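Q: pasting the sequence and the predicted coordinates here, then a few questions.
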Amino acid sequence: MSAAPSVDELRAIKSPVERAAAITRVARRCGTLSPELYELRRLALAEARTKHSAGAIARLVGLSRARVFHLTRPATPEGIAA
C-alpha cells in the first residue's frame, strides 16, 4: 500500500476536480479528514462548481450529488441579529 499524499502534494494538483477526487480517496483510505483537508476539498469542490454541474462533479469525485451540494452551499451566518 502506498503512502497517502501530503497536504502540499494535494494542494499542488491544478484541476479542482482532480484535487477533490484525490482528497476523497484519502478520506476513504483513512476513514476521516483533518479539518485542513476537509476545507481544501470543500474549496476545490466550490471552484469546480463554477464550471461543472454538481452531478458531473459527483460522478468524477465519487461523492453523491447531495454531498457536493452540501459542501458547496454558501455559508450562512447563524445567530446574527438583522
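A: Now that the structure is in, tell me what you want to look at. Numbers count the residues shown, from 1 in each chain.
Q: any residues touching the helix or strand hosting residue 9, and which ones?
A: In this assignment (DSSP states H and E), residue 9 forms part of helix 7-11. Identification of contacts with helix 7-11 by C-beta atoms under 8 Å, 6 or more residues apart in numbering yields 19, 22-23, 26, 36-37, 40. Heads up, the C-betas are built off the backbone N, CA and C, glycines and all.
Q: in that helix, what counts as buried?
A: Neighbour counts using 16 or more other C-beta atoms under 10 Å place residue 10 of helix 7-11 among the buried residues.
Q: picking up where we left off before, just among the contacts of helix 7-11, which is most surrounded?
A: Within these, most neighbours by other C-beta atoms under 10 Å means residue 23, with 24 neighbours.
Q: give me phi/psi at it?
A: phi -70, psi -40 (degrees, to the nearest 10).
Q: quick check: closest non-adjacent residue to it.
A: Nearest residue to residue 23, sequence neighbours excluded (C-beta to C-beta, 6 or more residues apart in numbering): residue 41, at 4.1 Å.
Q: kindly report the same for residue 69.
A: The spatial neighbour of residue 69 that comes closest, neighbours along the chain excluded (C-beta to C-beta, 6+ apart), is residue 54 at 5.3 Å.
Q: I figured the one you found was touching residue 67, is that so?
A: No - between residue 54 and residue 67 there is no contact under C-beta atoms under 8 Å: 9.1 Å.
Q: between the two, which one's more packed in?
A: residue 54 (20 against 16).
Q: residue contacts, that one?
A: 65, 68-69, 72.
Q: alright, I will stop here.
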